[in-house]
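Undergrad: The amino acid sequence is not available; the structure is as follows:
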């Protein structure tokens, strides 16, 4: 049985429904990422989980116990906040000890557990510092220690890395993941950064407009997005509308398993496309089209080109920089194409 | 024009205003408190103040301290309710009600309290009508209790406005963080919120002290005459004897009381800031 089970959860602010019928099961020791653009309801889902916002309908079970209507202080779920939410009038040790004091843990045990926790998050020796004097990364680790020291049923992280600068973010990301694997706590992390979700989570739930679009392992989400939204959000941001009649010299689509009698929406990543001078006389599987280079930008490892094909503008990466206005062929192999029936046109 | 001349011209008008309307009268009062009519130095006015009015000075200090203490307790309680209560509609009503006294002058408040707190005033009549007391058992609240009640009633709006504002400005996630670590609302108030809004509580109480020290209408209308507050004595010296020297000496005393409280408050905040950094 799942450690945490969310069933048909619905949350509204006034007349506006923010979460629609969310179903989510999380196993003991698992780290699940809630991924989505801002306003998709991921933070609301966290707040509902913690008991900060009332639930409209549906239920939340923790280890088989219904906690839907429990106040936040009775659920054993702790959160690491985006702003860290450390108490500035307390020292590092006082911040971490707070949850234990509330639980009336004996003083000697509190001291031990703080020491242990500080070692785990690599802040030993800083117990008597004011939290206002710590750097962003250190504050983040205090917040993590404060939430973990009470041994929560679930640790919830709300965009924990968004306030850190790029370099610190990478190392803290790694630290949190390592810590999770070492201590084996169950956790839910909210993020809008797809890379963060892929790297950290065991499973990823992609949210859009208060619905879960897809839930699966990072590989599943990245390699076989089930909906156009997921494809787009996971970086396949080249969007192409395919109509049966457009195949010709300038545009060819061969897909072994898909009937091409209907309209389709096609998504692919710029990195999956390759640019050549001329592919006219080769019949390759996948998508092949010709176009004119309108713009190119240096990305470091390669160049990203904007290629104009009729009314569509697509982006394709290439190790070489193609001159502006040159006529090129762009090819995308079949496994890198995400194809969805285009409802509006087919109907 | 040189920069320094221009700067002096810029602050000139404001400086003249401060000098003319504030520093000159203050200096004049101080001089008047320590000199005879012929400007020779003397302490006789202060000796007179202590002979005649030391009871009233003690009374004033007691009234101010008890009012401020009750104010602190009540306004923290109301602010906490406004910020922490989950009942949003109740909070909306409460936050409208508590502000009403802000718009009522002291003299009107004092008049209302006279008719409300008197032996056969509105409050006692209501209690008698409810059958809780007989007319014989009722007591008048006019006197020191009435003065405190009026000051608290009037200043509560101001202190609550400041304190609840400071509480509401705290990062909401700090409160949530305590909540999901298992802390109750009372615990959050005492351990998380009050320590962080202490400076604001201090400001609200010091400003209230200064206001209370300067009100004449309330002790005159609600007090029983003796002992009374310093302001009433000052008015009496001026109106009955034209004795500005002793009135100014009394003013100096109340100024010193305020200054002592302000100094105490400043020392506390500087200490805390020192500990912070």
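TA: Noted; the coordinates are in hand. Note that the structure is predicted; figures quoted are calculated from it, not measured.

Undergrad: Residue B:36: how many residues sit nearby?
TA: 12 (other Cβ atoms under 10 Å in any protein chain shown). C-beta: built from backbone N, CA, C; applies to glycine.

Undergrad: Let me fix that, I meant to ask about residue A:32.
TA: Per other Cβ under 10 Å, the neighbour tally for residue A:32 reads 23.

Undergrad: Repeat that for residue A:142.
TA: 25.

Undergrad: Find me the pLDDT at it, would you?
TA: On pLDDT, residue A:142 comes in at 92.

Undergrad: Could you say which helix or strand holds it?
TA: In the assignment (DSSP states H and E), residue A:142 maps to helix A:136-148.

Undergrad: Please apply the same query to residue A:241.
TA: Take DSSP H and E as the rule and residue A:241 turns out to sit in strand A:238-242.

Undergrad: The closest residue to residue B:237 other than its chain neighbours sits in which helix or strand?
TA: Closest residue to residue B:237 apart from its sequence neighbours, by Cβ to Cβ, 6 or more residues apart in numbering or on different chains: residue B:247 at 4.1 Å. Using DSSP H and E, residue B:247 maps to helix B:244-276.

Undergrad: quick check: mean pLDDT across that helix?
TA: What helix B:244-276 shows for mean pLDDT is 82.

Undergrad: Packing partners of that helix?
TA: helix B:24-34, helix B:44-84, helix B:194-213, helix B:230-236 (3 or more Cβ pairs under 8 Å, 6 or more residues apart in numbering or on different chains; DSSP states H and E).

Undergrad: Can you say which of the ones you listed is nearest to chain A?
TA: Chain A lies closest to helix B:194-213 among these, at 4.5 Å (Cβ to the nearest Cβ).

Undergrad: so how far is the next helix or strand after that closest one from its chain's centroid?
TA: Note on helix B:194-213: by DSSP H and E, the next helix or strand toward the C-terminus is helix B:217-222. How far helix B:217-222 lies from its chain's middle: 15 Å, per Cα atoms, centre = their mean, to the nearest Å.

Undergrad: ok, now stretch A:12-24?
TA: Remark: stretch A:12-24 is offset 20 Å from the chain centroid, using Cα atoms, centre = their mean.

Undergrad: what's the helix or strand for residue A:112?
TA: Short version, using DSSP H and E: residue A:112 is in helix A:107-120.

Undergrad: Ok, residue A:213 next?
TA: With DSSP H and E as the test, residue A:213 turns up in strand A:211-216.

Undergrad: List the pairing partners of that strand within its sheet, with orientation.
TA: Sheet pairing for strand A:211-216, assigned by DSSP bridges, gives strand A:203-208 (antiparallel).

Undergrad: So which residues make contact with the partner strand?
TA: A:24, A:30-37, A:40-42, A:45, A:197-198, A:212-218, A:221, A:229-230, A:233-234 (Cβ atoms under 8 Å, 6 or more residues apart in numbering or on different chains).

Undergrad: Now, these that are in strands?
TA: Secondary structure assignment by DSSP state E places A:24, A:31, A:32, A:33, A:34, A:35, A:212, A:213, A:214, A:215, A:216 of the contacts of strand A:203-208 in strands.

Undergrad: And the furthest pair within those residues?
TA: A:31 and A:213 (19.4 Å; Cβ to Cβ).

Undergrad: in chain B, which ranges drop under the pLDDT threshold?
TA: B:1, B:272-277 (pLDDT under 70).

Undergrad: Residue A:191 contacts residue A:33, correct?
TA: Yes - with contact defined as Cβ atoms under 8 Å, residue A:191 counts as touching residue A:33 (6.0 Å).

Undergrad: Would you mind listing what in the stretch 51-200 of chain A touches chain B?
TA: Contact residues, the stretch 51-200 of chain A versus chain B (Cβ under 8 Å from any Cβ of the partner chain): A:51-52, A:71-75, A:77-79, A:81-83, A:85-89, A:98-99, A:102-103, A:130, A:132, A:143, A:146-147, A:150.

Undergrad: who are the neighbours in contact with residue B:147?
TA: B:63, B:218, B:219, B:222, B:223, B:229.

Undergrad: List buried residues within these.
TA: B:63, B:218, B:219, B:222, B:223, B:229 (16 or more other Cβ atoms under 10 Å in any protein chain shown).

Undergrad: who's in contact with the fifth one?
TA: If a contact means Cβ under 8 Å, 6+ apart, then residue B:223 has B:142, B:143, B:144, B:146, B:147, B:229, B:232 as its contacts.

Undergrad: Just give the closest residue to the residue of the stretch 101-250 of chain A found nearest chain B, not the sequence neighbours.
TA: Chain B sits closest to residue A:102 of the stretch 101-250 of chain A, with a gap of 4.5 Å, by Cβ to the nearest Cβ. Distance criterion Cβ to Cβ, 6+ apart; nearest residue to residue A:102, sequence neighbours excluded, is residue B:182 at 4.5 Å.

Undergrad: so the one you found sits in a helix?
TA: No - Residue B:182: not assigned to a helix; according to DSSP: H, G, I helix; E, B strand; the rest coil it is coil.

Undergrad: ok, it - how many residues close by?
TA: Count around residue B:182 with other Cβ under 10 Å applied: 21.

Undergrad: thought it was touching residue A:99?
TA: Yes - taking contacts as Cβ under 8 Å, residue B:182 lies within contact range of residue A:99: 6.3 Å.
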